[in-house]
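**Student:** Got a sequence here, can you build the structure:
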Amino acid sequence: MVSSFTLKRWMYYLIYILICITIISLQLQPLKIIANEIFWPDFIFMFTTVWLLRRPQYLPFFLIISVHFISDLLLFKPIGLWSAISIVGYEFIRRLALSQRVLKMSEELLLVSIVFTFLTCTLIGFQFIFKINNIPLSMMGYRIFFTIALYPGVVLFTHYLLSVRWPHPSDFTESREG
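**Tutor:** All right, here's what the predicted structure looks like:
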(Lines give C-alpha, C1' and ligand atoms only; values in the text may rest on other atoms or scores of the structure.)
Protein backbone atom coordinates (compact mmCIF):
# COMPACT_ATOMS: atom_id res chain seq x y z
CA MET A 1 0.00 0.00 0.00
CA VAL A 2 1.20 3.51 -0.79
CA SER A 3 2.07 5.68 2.20
CA SER A 4 0.40 9.05 2.62
CA PHE A 5 3.79 10.79 2.34
CA THR A 6 4.46 9.20 -1.07
CA LEU A 7 0.97 10.02 -2.30
CA LYS A 8 1.35 13.61 -1.12
CA ARG A 9 4.73 13.89 -2.83
CA TRP A 10 3.33 12.68 -6.16
CA MET A 11 0.40 15.07 -5.82
CA TYR A 12 2.84 17.98 -5.43
CA TYR A 13 4.85 16.75 -8.45
CA LEU A 14 1.67 16.88 -10.52
CA ILE A 15 0.66 20.32 -9.21
CA TYR A 16 4.13 21.70 -10.00
CA ILE A 17 4.01 20.29 -13.54
CA LEU A 18 0.53 21.72 -14.13
CA ILE A 19 1.60 25.16 -12.90
CA CYS A 20 4.66 25.14 -15.14
CA ILE A 21 2.61 23.99 -18.16
CA THR A 22 0.17 26.83 -17.50
CA ILE A 23 2.99 29.38 -17.26
CA ILE A 24 4.64 28.14 -20.47
CA SER A 25 1.35 28.08 -22.36
CA LEU A 26 0.60 31.67 -21.27
CA GLN A 27 4.04 32.73 -22.47
CA LEU A 28 3.37 31.11 -25.84
CA GLN A 29 0.29 33.26 -26.40
CA PRO A 30 0.78 35.81 -29.20
CA LEU A 31 0.68 38.96 -27.09
CA LYS A 32 2.87 41.21 -29.25
CA ILE A 33 2.63 44.26 -27.03
CA ILE A 34 3.96 42.48 -23.96
CA ALA A 35 6.47 40.31 -25.80
CA ASN A 36 8.14 43.26 -27.55
CA GLU A 37 8.25 45.70 -24.67
CA ILE A 38 8.89 43.76 -21.46
CA PHE A 39 10.11 40.29 -20.66
CA TRP A 40 7.83 38.11 -18.62
CA PRO A 41 8.87 37.78 -15.01
CA ASP A 42 10.32 34.35 -14.44
CA PHE A 43 7.33 32.70 -12.78
CA ILE A 44 8.84 29.21 -13.13
CA PHE A 45 11.88 30.41 -11.16
CA MET A 46 9.63 31.93 -8.50
CA PHE A 47 7.46 28.84 -8.05
CA THR A 48 10.48 26.53 -8.03
CA THR A 49 12.26 28.67 -5.44
CA VAL A 50 9.22 28.87 -3.15
CA TRP A 51 8.81 25.10 -3.41
CA LEU A 52 12.50 24.41 -2.76
CA LEU A 53 12.68 26.68 0.27
CA ARG A 54 9.61 25.20 1.92
CA ARG A 55 9.46 21.59 0.74
CA PRO A 56 12.68 20.55 -1.03
CA GLN A 57 11.71 16.87 -0.86
CA TYR A 58 8.65 17.60 -3.06
CA LEU A 59 10.73 18.84 -5.99
CA PRO A 60 13.40 16.46 -7.30
CA PHE A 61 16.29 17.48 -9.53
CA PHE A 62 15.04 15.59 -12.60
CA LEU A 63 11.66 17.33 -12.46
CA ILE A 64 13.19 20.81 -12.28
CA ILE A 65 15.66 20.20 -15.08
CA SER A 66 12.97 18.61 -17.27
CA VAL A 67 10.59 21.54 -16.89
CA HIS A 68 13.34 24.07 -17.60
CA PHE A 69 14.63 22.16 -20.62
CA ILE A 70 11.13 21.89 -22.10
CA SER A 71 10.61 25.59 -21.38
CA ASP A 72 13.83 26.41 -23.26
CA LEU A 73 12.68 24.35 -26.23
CA LEU A 74 9.15 25.75 -26.42
CA LEU A 75 10.07 29.39 -25.79
CA PHE A 76 12.97 29.35 -28.28
CA LYS A 77 15.62 30.16 -25.71
CA PRO A 78 19.18 28.86 -26.04
CA ILE A 79 18.65 25.19 -25.29
CA GLY A 80 19.89 24.21 -21.87
CA LEU A 81 21.63 27.48 -21.03
CA TRP A 82 19.13 28.81 -18.47
CA SER A 83 18.49 25.24 -17.33
CA ALA A 84 22.15 24.72 -16.49
CA ILE A 85 22.64 28.12 -14.91
CA SER A 86 19.47 28.03 -12.83
CA ILE A 87 20.04 24.52 -11.50
CA VAL A 88 23.14 25.82 -9.72
CA GLY A 89 21.02 28.41 -7.92
CA TYR A 90 18.30 25.88 -7.17
CA GLU A 91 20.72 23.44 -5.62
CA PHE A 92 22.18 26.24 -3.49
CA ILE A 93 18.65 27.08 -2.32
CA ARG A 94 17.89 23.39 -1.71
CA ARG A 95 20.99 22.99 0.50
CA LEU A 96 19.97 26.06 2.45
CA ALA A 97 16.43 24.73 2.87
CA LEU A 98 17.66 21.33 4.04
CA SER A 99 19.39 23.04 6.94
CA GLN A 100 15.83 23.20 8.37
CA ARG A 101 16.01 26.89 9.11
CA VAL A 102 12.83 28.89 8.56
CA LEU A 103 13.55 32.27 6.94
CA LYS A 104 11.67 35.48 7.57
CA MET A 105 9.98 36.92 4.50
CA SER A 106 12.53 39.74 4.28
CA GLU A 107 15.43 37.27 4.48
CA GLU A 108 13.81 35.04 1.90
CA LEU A 109 13.18 37.93 -0.48
CA LEU A 110 16.77 39.12 -0.10
CA LEU A 111 18.09 35.60 -0.74
CA VAL A 112 15.91 35.09 -3.82
CA SER A 113 16.75 38.51 -5.25
CA ILE A 114 20.49 37.94 -4.82
CA VAL A 115 20.34 34.46 -6.35
CA PHE A 116 18.11 35.53 -9.26
CA THR A 117 20.21 38.62 -9.99
CA PHE A 118 23.42 36.56 -9.91
CA LEU A 119 21.94 33.90 -12.20
CA THR A 120 20.58 36.49 -14.63
CA CYS A 121 23.95 38.29 -14.75
CA THR A 122 25.61 34.95 -15.42
CA LEU A 123 23.13 34.33 -18.23
CA ILE A 124 23.84 37.77 -19.70
CA GLY A 125 27.57 37.05 -19.47
CA PHE A 126 27.25 33.77 -21.36
CA GLN A 127 25.01 35.38 -23.96
CA PHE A 128 27.54 38.17 -24.43
CA ILE A 129 30.52 35.83 -24.67
CA PHE A 130 28.89 33.50 -27.18
CA LYS A 131 26.86 36.24 -28.94
CA ILE A 132 23.52 34.60 -28.26
CA ASN A 133 20.32 36.67 -28.17
CA ASN A 134 21.75 40.12 -27.57
CA ILE A 135 18.94 41.29 -25.31
CA PRO A 136 19.04 44.92 -24.12
CA LEU A 137 20.23 45.22 -20.54
CA SER A 138 17.26 47.44 -19.70
CA MET A 139 14.86 44.59 -20.58
CA MET A 140 16.82 42.19 -18.40
CA GLY A 141 16.72 44.78 -15.61
CA TYR A 142 12.94 44.96 -15.96
CA ARG A 143 12.77 41.18 -15.79
CA ILE A 144 14.83 41.09 -12.59
CA PHE A 145 12.76 43.89 -11.04
CA PHE A 146 9.37 42.35 -11.88
CA THR A 147 10.45 38.88 -10.80
CA ILE A 148 11.56 40.17 -7.41
CA ALA A 149 8.51 42.43 -7.05
CA LEU A 150 6.04 39.61 -7.78
CA TYR A 151 7.80 37.02 -5.61
CA PRO A 152 5.78 37.80 -2.42
CA GLY A 153 2.57 37.26 -4.40
CA VAL A 154 3.79 33.84 -5.50
CA VAL A 155 4.67 33.04 -1.87
CA LEU A 156 1.14 33.96 -0.77
CA PHE A 157 -0.39 31.96 -3.64
CA THR A 158 1.59 28.83 -2.84
CA HIS A 159 1.05 29.22 0.91
CA TYR A 160 -2.69 29.76 0.94
CA LEU A 161 -3.93 28.04 -2.22
CA LEU A 162 -1.45 25.19 -2.68
CA SER A 163 -0.53 24.61 0.99
CA VAL A 164 3.20 24.65 0.33
CA ARG A 165 4.30 25.80 3.75
CA TRP A 166 7.36 25.66 5.95
CA PRO A 167 7.59 22.20 7.51
CA HIS A 168 6.15 21.58 10.92
CA PRO A 169 8.27 19.45 13.31
CA SER A 170 5.79 16.56 12.91
CA ASP A 171 6.52 16.54 9.16
CA PHE A 172 10.10 15.44 9.80
CA THR A 173 8.99 12.30 11.62
CA GLU A 174 6.42 11.65 8.86
CA SER A 175 9.11 11.90 6.16
CA ARG A 176 11.36 9.46 7.99
CA GLU A 177 8.57 6.90 8.21
CA GLY A 178 7.56 7.22 4.53
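**Student:** Pull out the buried positions in the helix or strand where I21 lies.
**Tutor:** In this structure, I21 is located in helix 4-27 according to DSSP states H and E. Using 16 or more other Cβ atoms under 10 Å as the test for burial, helix 4-27 gives 8-9, 12, 15-16, 19-20, 23-24, 27. The way it works is simple: take the backbone N, C-alpha and C, and place the C-beta from them, glycine included.
**Student:** From F145, how far off is M139?
**Tutor:** M139 sits 11 Å away from F145, going by Cβ to Cβ, to the nearest Å.
**Student:** I meant D42, not that one.
**Tutor:** Note on D42: its distance to F145, by Cβ to Cβ, is 12 Å.
**Student:** out of those two, which sits in the more crowded spot?
**Tutor:** D42 (24 against 14; other Cβ atoms under 10 Å).
**Student:** didn't the more buried one look like it was pressed against A149?
**Tutor:** No. D42 is not in contact with A149 according to Cβ atoms under 8 Å; the separation is 12.0 Å.
**Student:** Average pLDDT for the helix or strand that contains V88, rounded please.
**Tutor:** Using DSSP H and E, V88 maps to helix 81-98. In this model, helix 81-98 has an average pLDDT of 92.
**Student:** how about the helices in this protein?
**Tutor:** 4-27, 32-37, 43-54, 61-74, 81-98, 105-129, 137-160, 169-177 (DSSP state H).
**Student:** Go ahead and name everything in contact with the third one.
**Tutor:** When you say that, I think you mean helix 43-54. 12, 16, 19-20, 23-24, 58-59, 64, 67-68, 71, 86, 90, 93-94, 96-97, 103, 108, 112, 115-116, 147, 150-151, 154-155, 158, 164-167 (Cβ atoms under 8 Å, 6 or more residues apart in numbering).
**Student:** Buried ones among these?
**Tutor:** 12, 16, 19-20, 23-24, 58-59, 64, 67-68, 71, 86, 90, 93-94, 97, 103, 108, 112, 115-116, 147, 151, 154-155, 158, 164, 167.
**Student:** any idea how far the nearest residue to L28 once chain neighbours are set aside lies from S99?
**Tutor:** Among residues not flanking L28 along the chain, L74 sits closest, at 6.5 Å (Cβ to Cβ, 6 or more residues apart in numbering). Noted for L74: a distance of 35 Å to S99, by Cβ to Cβ.
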